[in-house]
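Colleague: Let me see the structure of the following:
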Amino acid sequence: MTVDHDDLTPLRDRPWAALCHRRALAELVLLGWTPCGVGDWAVGLRSPSGHLAARVCPFDPAYAAFLELCRRCPGNPYLPRVAVEVALDGGGTLVVLEFLAPLGTAAEVVRQWRQDDGDAALAEVRRTAAEIDAEWRETVPWWDGIDLNAGNVRRALDGRVVLIDVFCMDGAALYGQILKDAAVVRDRLPQSRYALDIPYIARESTPDDIHALRAAWNTGV
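Modeller: You can find the predicted model right below:
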């Protein structure tokens, strides 16, 4: 599932795989993309034309599951059109997709999802998400599962209701393990070099929390 637009042309010659999330953010800003949102795990930027959005993430094992959901349900109106999907150095990701605005009336969609009484397209996404959840639960450490709430329901520019980021990690357990023994996390999640760079840590932690996490992470490195 792809989208195309002039905003993509300047992105094609960049060595994204050699850039960490920090440099990827800087590259996008220099190309005229504007930061427009900060979640728990990623930063969002809007393209110069306004048609596209970029999601830059330092670390989020659950997002791979969401991209897999998009691949398994091609053309489903409830999922975003993905234009670019690249791995960044150190385990981060850059994903460019159609721009999605907040949806003020998401409660009904969430209800339909939870009660499994939506239309056929929504049912397909729900069923496929359950399959992926079962698969990832067997292989991804600190997996938490499906988490659909009002914040995961958006509106596309063409008016479609679109679901995003419907899977999540058990962040409390994962970062608790870093404090106990960060080597366990590095061993089980090799692509976690920038695990402490997620926005949630910067936003919600006290200076003492940040110091403790960094001290634990750097032990044995």
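Colleague: What separation do you get for Ala120 and Arg127?
Modeller: 10 Å (Cβ to Cβ, to the nearest Å). Where you see a C-beta, it was placed from the backbone N, CA and C, and this is true even at glycine.
Colleague: Same question for Ala216.
Modeller: Counting by Cβ to Cβ - Ala216 and Arg127 are separated by 40 Å.
Colleague: between those two, who's got more neighbours?
Modeller: More neighbours surround Ala216 than the other of Ala216 and Arg127, with 19 against 11 (other Cβ atoms under 10 Å).
Colleague: Check which helix or strand that one maps to.
Modeller: For Ala216, the enclosing helix or strand under DSSP states H and E is helix 207-218.
Colleague: May I have that helix exported as CSV, CA atoms only?
Modeller: Taking Å, rounded to 0.1, in the frame of the first residue of the first chain, the C-alpha atoms of helix 207-218 are listed here in CSV:
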residue,chain,number,x,y,z
PRO,A,207,16.0,14.1,36.7
ASP,A,208,16.7,11.3,39.3
ASP,A,209,14.7,8.8,37.2
ILE,A,210,16.7,9.7,34.1
HIS,A,211,20.0,9.5,35.9
ALA,A,212,19.0,6.0,37.3
LEU,A,213,18.0,4.7,33.9
ARG,A,214,21.2,6.0,32.2
ALA,A,215,23.4,4.7,34.9
ALA,A,216,21.8,1.3,34.7
TRP,A,217,21.9,1.3,30.9
ASN,A,218,25.6,2.2,30.7
